[in-house]
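Asks: Need a 3D model of the sequence below.
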Amino acid sequence: MKITDLALEGVKLLEPTYYEDNRGNGSEVYSHRTLSSNGIHNIFVQDYYNLNVQKGTLRGIHYQNYPYAQAKIIRCLKGSILDIVVDLRKNSPTYKKWIKTNISMENKKQIFIPKGFGHGFVTLEEHTEAFYKMDEYYTPGFGGVILWNDPELGIDWEIDNPILSKKDIEAPKLNNSSINF
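Replies: Residues are numbered from 1 along each chain as shown. Predicted structure coming up:
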């Protein structure tokens, strides 16, 4: 697996090596030993899957506060997403900075997101399936969301009218959020 540091401290691009033959392909997409030897020591305890039926579905910007903050590995099982990671650590030199990465079934890339970051994505195809590994269980009352188009963040989602949940539509701006990072 090739592991590359991205522009936000601790955020990494994971690119598994795929082996192909006349039957198809296969790959080790998760190895605690490989990740640990590359500075990712998290123990993942929960997996989460979602299906996004329509192109232009936006989920985010989501986070879970301490003491239940989550590190995540995101991959796309079918279709493609524009993945967004935002640094929400108030004492970080990259606070409020964000990066975006295309993740797809075709390119097989994954993103590791440490604790202290917000995450969201927009689907680039119909029937897109996303899969998460998390190092902390979802804990009601500790999760939060930031308005996807908060001008303070200025995220370029590459879409003007996404399909949103009620929760994402009504999300507060960053300066009114409950973030405790």
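Asks: For Ile103, pull up the helix or strand it's in.
Replies: Assessed by DSSP states H and E, Ile103 sits inside strand 98-104.
Asks: Check the secondary structure at the spatially most central residue of the chain for me.
Replies: Nearest to the geometric centre of the chain sits His119, at 4.6 Å (Cα atoms, centre = their mean). Counting by DSSP: H, G, I helix; E, B strand; the rest coil, the backbone at His119 sits in strand.
Asks: quick one: stretch 34-44 to chain centroid distance?
Replies: Centroid separation between stretch 34-44 and its chain, computed with Cα atoms, centre = their mean, to the nearest Å, is 17 Å.
Asks: What residues sit buried inside it?
Replies: Under the neighbour-count criterion of 16 or more other Cβ atoms under 10 Å, stretch 34-44 has 35, 38, 40, 42, 44 buried. Yep, even glycine has a C-beta here, placed from its N, CA and C like the rest.
Asks: Per-residue pLDDT of the third one, please?
Replies: At Ile40, the predicted lDDT confidence score is 96.
Asks: which residue ranges form the helices in this protein?
Replies: 32-36, 166-169 (DSSP state H).
Asks: Of all the ones you listed, which one is nearest Asn65?
Replies: helix 166-169 (15.9 Å; Cβ to Cβ).
Asks: Give me the buried positions along that closest one.
Replies: In helix 166-169, counting by 16+ other Cβ under 10 Å, buried: Asp168.
Asks: With that, I have no additional questions.
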